[in-house]
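K.L.:
Kindly generate the corresponding structure for this input.
(2 chains)
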Amino acid sequence: MSVVTRFAPSPTGFLHIGGARTALFNWLFTRHHGGRFHLRIEDTDRARSTEAAIAAIFEGMRWLGLDWDGEVLFQFARAARHAEVARRLLAEGKAYYCYCSPAELEAMREQAKAEGRSMRYNGYWRDRDPGEAPSGVRPVIRFKAPQSGETVIRDLVQGAVTVANEQLDDLIILRADGTPTYNLSVVVDDHDMGITHVIRGDDHLTNTFRQTQIYRAMGWDVPHFSHIPLIHGADGAKLSKRHGALGIEAYRAMGYLPEALRNYLLRLGWSHGDDEVIGTAQAIAWFDLDNVGRSPSRFDFAKLEHLNGLYIRQSGDEALVAAMLPFLEEKTGRPLTERERTGLLIAMPSLKERAKTLIELADKAGFVVAARPLAYDAAAAKQLAGEAVAALDAVRRRLAEVAPWNAATTEAAVRAFAEASGLKLGKLAQPLRAALTGQAVSPPIFDVLAALGREETLARLDDALTRS
RNA sequence: GUCCCCAUCGUCUAGUGGCCCAGGACGGCGCCCUCUCACGGCGCAAACAGGGGUUCGACUCCCCUUGGGGACGCCA
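P.N.:
Predicted structure coming up:
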């Protein structure tokens, strides 16, 4: 049997991290089995669905590299089909009109709560003669759920989960205004789309009981369910705006690479022995549902950062310069010059070893685009005080004669001078670093020289010498 | 409150009755490398929630307790 899956977010907010992982698992599972992966926008809540949210979902999926098959399905467009199914259930006596008012329902809930029952709706209209219907009230259609026995879900992740049918009340499938509710729409769409595997957050587990009952009532095949545990914040509480429940675009803005985020999300709740660094091709080859864990996990930025640093180091220099550019130009507030771009490329091999995010990368690359004369921070100013100046002056004269100009030639020149004057390299490297970057910390000093080029290097040295 | 689910180092996890006085990774700490910072290498501290069973033998199976989570909408 070929596999058909879907990711079905509701466009009422942005694509958050939990949703992204659900999408990733669906995508991985489908690609692993060579099936079809669909995207369905559950926009039946007209009041809360927004175009912006839909755009954010598309954008987030694309950025993460999760491509879907075929056209995007908008659930609201299928409302007539959903209503048709509701009416069929009604015609077959598997559903009924309910005329209870919201106030009456509220009272029933209160009573159920007081009695310690979970069954909310008391089935008032279930077997009542429609002739008793109050006039002027538009009824909802309720599903006639089985009242005894039990409903069992065979979940590929959670195992067999059973609930007594007495626990479940007759849910509304069609609202008074004739629009379908979630549990009906999902079942109809999943069936019509030929979905074979439903992989979603385990907050849907209890919905699954009712959905299963609808499938059975319609005589439809029940798909395989996999309810994956939710992702929690660092404090163990449900992910909210306070923690990591940011839109996926926020992670992009924080300078994370999509491949790193994919790897991180994959390892949250899924494992393959002791493997930690798993590229996408490998993930597709390995991913399956039996290694998905059942307990919720906490989102850990430190580990994401570590992974991101790993992927940054593995990335090509040119790609990194391109990826970092927006972050850097945001700092400079101007487009970079040719000399600066070239410098960045030259410095990238040593730069990328020092950054865990693109923001950090842009930060460390700051010396390349800094405007003369440089501002020295306290540690740098300290390096440029006292006898360092004389040494710097001598080094400047040696450097002026270096050709061609690169890390190896400049290093040879400075080392030779250090040896001749009996100085440790550090005694020269630190003042140089301060004069050229304005800081006491930077990539290896000769990489800095190479990245700046002869002209800029000598000019910055002159700045330092004339200032002291 | 009711129902459902979960429970190994701080965090993510390996472990499917003996290979485990529990392994890996992140984070922490220390050392090495070294022109600073990183990277890298080496090492250290750190967990089977508690209590009962079952068994020759439990991290692994069962029960209870405790703790955590989720669901209880004419939202999705």
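K.L.:
Where do the strands of the stretch 1-150 of chain A begin and end?
P.N.:
Listed in chain order, the strands found in the stretch 1-150 of chain A under DSSP state E, counting those that start in this stretch are A:4-7, A:36-41, A:73-74, A:95-98, A:140-143, A:150-155.
K.L.:
Next, see if the last one gets close to RNA strand B.
P.N.:
What it means is strand A:150-155. No - contact of strand A:150-155 with RNA strand B (Cβ under 7 Å from any atom of the strand) is absent, the minimum separation being 8.5 Å. C-betas here are computed from N, CA, C, even on glycine.
K.L.:
Any regions of the stretch 201-350 of chain A where pLDDT drops low?
P.N.:
Scanning the stretch 201-350 of chain A for pLDDT under 70 picks out the ranges A:237-245.
K.L.:
do the same with the stretch 51-200 of chain A
P.N.:
Scanning the stretch 51-200 of chain A for pLDDT under 70 picks out the ranges A:119.
K.L.:
Against which helices or strands is the longest helix along chain A packed?
P.N.:
When chain A is scanned for its longest helix (criterion: DSSP state H), the result is helix A:445-467. Secondary structure elements in contact with helix A:445-467, counted by 3 or more Cβ pairs under 8 Å, 6 or more residues apart in numbering; DSSP states H and E, are helix A:338-351, helix A:366-369, helix A:388-399, helix A:407-420, helix A:425-437.
K.L.:
Would you mind checking the average pLDDT for the last one?
P.N.:
When the per-residue pLDDT values of helix A:425-437 are averaged, the result is 95.
K.L.:
relative to helix A:445-467, how tilted is that helix?
P.N.:
70 degrees (axes from the mean of the first three to the mean of the last three Cα atoms, to 10 degrees).
K.L.:
so does helix A:425-437 get close to RNA strand B?
P.N.:
Yes - Helix A:425-437 reaches RNA strand B (Cβ under 7 Å from any atom of the strand) through A:425, A:426, A:429, A:430, A:433.
K.L.:
Just the buried subset of the residues you listed, please.
P.N.:
Restricting the residues of helix A:425-437 next to RNA strand B to buried positions leaves A:429, A:430, A:433, with burial counted as 16 or more other Cβ atoms under 10 Å.
K.L.:
Identify whichever of the strands of the stretch 1-150 of chain A lies nearest to residue A:376.
P.N.:
Taking Cβ to Cβ, strand A:4-7 is the member of these nearest to residue A:376, at 51.9 Å.
K.L.:
Identify the residues contacting the closest one?
P.N.:
Outside of strand A:4-7, the residues that reach it under the criterion Cβ atoms under 8 Å, 6 or more residues apart in numbering are A:19, A:22-23, A:26-27, A:29-30, A:35-40, A:61, A:66, A:68, A:190, A:193-199.
K.L.:
Going through the residues you listed, which ones are buried?
P.N.:
With burial judged by 16+ other Cβ under 10 Å, the buried subset of the contacts of strand A:4-7 is A:19, A:22-23, A:26-27, A:29-30, A:35-40, A:61, A:66, A:68, A:190, A:193, A:195-199.
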